[in-house]
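Asker: What would the 3D arrangement of this be:
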Amino acid sequence: MEILRQGATAQSARVALFDFDGTISTIRSGWVDVMVPMMVEELAATRSGESEAALTEIVREFVGRLTGRQTIYQMIELAEQIARRGGSPKEPLVYKHRYLELLWVRIKDRVEALEKGNASPLDYVVPGTFDLLDALRERGLTFYLASGTDHDYMKREAHLLGLEKYFGEHIYGALDDYKSFSKAILIQKLIQTAGVRGEEFLGFGDGYVEIENVRAVGGVTVGVASDEPECLKVDGWKRERLLQVGADYIVPNFLRHGELCSALFPR
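Answerer: The predicted structure is shown next:
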């Protein structure tokens, strides 16, 4: 565990907001290796003269920057990049559907193994997840799970991982009407309708968005720099980005949840 802001505690926390993919679930581990080549191929088709390496660097930057937001935002950026190179982009939704088809090829066996009982939820969660959730539940926190992954897919995968007993109906994924939901909107809704103050949020995430959103209202954040799929060491690329957006803590997983909770909730 790396402490980036000394004295950052969650003593007043009432709500724990979790990102899904890479923070809790590893079912979609490797999604970047599906999305980036697909986008590079689309950009290369514009014949801009840029090398594959240069295009890959450009794509990895904006994919990483937009991780945590709904997938459609990454596809909107792709369409804009194509247009800048003189290409004629398709609707972002077309690119999103193509990406999801390619991703399904990669994760199909994982989902089916969970459905058939040939794999355990422990095989596809960041290590220590359930112990951390149990520890936070004992402290009376209410859990919310929010993701840029489409809502129906996310609900299915959360169910297969047995997360409903922790999150209940507080499971939110991306919608086709992408402007109607975001993590920031969820936070503001809880502030306005549930009487949750900004400093009462504790956020967990492996991307920019959830960390930025929780810090923006005065909450405390734990950056999960998980080196997927094993999640046993810190991923340097994730760590650097989590540092940039002001994560208070960095962990590779939740195996040392006791130490983390002691720091978050000092006696």
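Asker: Leu89: helix or strand, and which one exactly?
Answerer: No, residue 89 isn't Leu; it's Pro. Per DSSP states H and E, Pro89 falls between elements, in no helix or strand.
Asker: Just give me the neighbour total for it.
Answerer: Pro89 is flanked by 19 other residues according to other Cβ atoms under 10 Å. In short, each C-beta sits where N, CA and C put it, glycine included.
Asker: quick one: it from Glu52, how far?
Answerer: Distance check for Pro89 against Glu52: by Cβ to Cβ, to the nearest Å, it reads 19 Å.
Asker: Where do the domain boundaries of this structure fall?
Answerer: Listed by automatic domain parsing, the domain ranges of the chain are 2-26+125-264, 32-115.
Asker: Export those domains to CSV and append columns for mean pLDDT.
Answerer: What follows is those, written out as CSV (pLDDT from 0 to 100):
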stretch, mean pLDDT
domain 2-26+125-264, 93
domain 32-115, 96
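Asker: surely Lys183 meets Ile211?
Answerer: No. At 10.0 Å, Lys183 and Ile211 do not qualify as touching, with contact defined as Cβ atoms under 8 Å.
Asker: list residues touching both of those two?
Answerer: With contacts defined as Cβ atoms under 8 Å, 6 or more residues apart in numbering, no residue is shared by Lys183 and Ile211.
Asker: Run through the strands of the protein in chain order.
Answerer: Ranges of strands within the chain are 2-3, 15-18, 142-150, 171-174, 201-205, 220-224, 249-251, based on DSSP state E.
Asker: and the third one, C-alpha only, in PDB?
Answerer: When you say that, I think you mean strand 142-150. Provided in PDB are the C-alpha atoms of strand 142-150 (Å, rounded to 0.1, in the frame of the first residue of the first chain):
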ATOM      1  CA  THR A 142     -23.500   1.600   1.800                       C
ATOM      2  CA  PHE A 143     -22.000   0.300  -1.400                       C
ATOM      3  CA  TYR A 144     -22.500   1.600  -5.000                       C
ATOM      4  CA  LEU A 145     -21.100  -0.100  -8.100                       C
ATOM      5  CA  ALA A 146     -20.800   2.100 -11.200                       C
ATOM      6  CA  SER A 147     -19.100   1.300 -14.500                       C
ATOM      7  CA  GLY A 148     -18.600   2.500 -18.000                       C
ATOM      8  CA  THR A 149     -19.500  -1.000 -19.200                       C
ATOM      9  CA  ASP A 150     -23.100  -1.300 -20.600                       C
END
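Asker: got the angle between it and strand 201-205?
Answerer: On the basis of axes from the mean of the first three to the mean of the last three Cα atoms, to 10 degrees, strand 142-150 is oriented at 40 degrees to strand 201-205.
Asker: Any idea how many residues pack against Gln11?
Answerer: Gln11 - counted by other Cβ under 10 Å - has 11 other residues nearby.
Asker: doesn't Phe265 make contact with it?
Answerer: Yes. Taking contacts as Cβ under 8 Å, Gln11 lies within contact range of Phe265: 6.1 Å.
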